[in-house]
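> here's a sequence, model it:
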Amino acid sequence: MGSAAQNERVDWEAALVQRARSGDTRAFERLYRDHIGSVYGLCLRMVRDRAHAEDCAQEAFVNAWRALGRFETRSSFSTWLHRIAVNVVLSRRRKAGSQVESKLSAADPDEEFADAPGEWTLDTPVEVEEIESAIGTLPDGARDALVLCGIYGYSHGEAAQMLGVAEGTCKAQLHRARALLRVRLEPESHP
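As a prediction, the model looks like this:
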């Protein structure tokens, strides 16, 4: 998308947000239609269950509608929505008794991968479905960091803020995720 078209899109979305903030439900419906795919995809990658992801995405939009008056335009609307969606996922995870991993443990069975190369390159081609399946097997903290930084392109700082962890923890979790994926996606010929 060219710069002029991108600016036009941003202006159009800002106008929709302003109308929605004034109570225009049709403007919010349009924002919903424009962003539900991205929010649902984020939730699905984090929770690994379609029904649960749908619930999280819907709850994120309900929360967004309620908090729309507090939306500050310092970030994009999609970034703000993603933060809300991450908060919903983490909140539900806590309620279910799970906890987001906050640091790598010395007793971690995956610690053998901690010194793997930082670059994620594979020696053999893999299918998208294989990658998605492998991402689904990652521990929560590693998967969350990979989804936010590696897939959605957030910086370590932004992802750490969304996840409520230190930036260094986010970096370690992303490194861990990449190392685990490399091992899981390479053929069995590796020791």
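> for whichever strand or helix holds residue 179, packing partners?
Using DSSP states H and E, residue 179 sits in helix 167-185. Helix 167-185 sits against helix 128-136, helix 140-145, helix 156-163, with contacts defined as 3 or more CB pairs under 8 Å, 6 or more residues apart in numbering; DSSP states H and E. C-beta: built from backbone N, CA, C; applies to glycine.
> three-state assignment of the residue positioned nearest the centre of the chain?
When the chain is reduced to its mean C-alpha position, the nearest residue by CA atoms, centre = their mean turns out to be residue 148, at 3.7 Å. With DSSP: H, G, I helix; E, B strand; the rest coil as the basis, residue 148 sits in helix.
> surely it meets residue 157?
No - assessed by CB atoms under 8 Å, residue 148 is found out of contact with residue 157, at 10.9 Å.
> residue ranges in the protein under the pLDDT threshold?
By pLDDT under 70, the weakly predicted segments of the chain are 1-2, 98-126, 187-191.
> tell me where it has helices.
Secondary structure of the chain (DSSP state H): helices located at 3-21, 25-47, 50-67, 77-95, 128-136, 140-145, 156-163, 167-185.
> domains in this protein, as residue ranges please.
3-95, 111-185 (automatic domain parsing).
> so how far is the last one off the chain centroid?
Translated: domain 111-185. Per CA atoms, centre = their mean, to the nearest Å, the displacement of domain 111-185 from the mean C-alpha position of its chain is 11 Å.
> show residues contacting stretch 33-41.
13, 53, 54, 57, 60, 61, 77, 78, 81, 82, 85 (CB atoms under 8 Å, 6 or more residues apart in numbering).
> rebuild the residues you listed as a markdown table, extending it with distance to residue 44.
What follows is those, written out as a markdown table (distance: CB to CB, whole Å):
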| residue | distance to residue 44 |
| --- | --- |
| 13 | 23 |
| 53 | 4 |
| 54 | 8 |
| 57 | 8 |
| 60 | 12 |
| 61 | 15 |
| 77 | 20 |
| 78 | 16 |
| 81 | 15 |
| 82 | 13 |
| 85 | 10 |
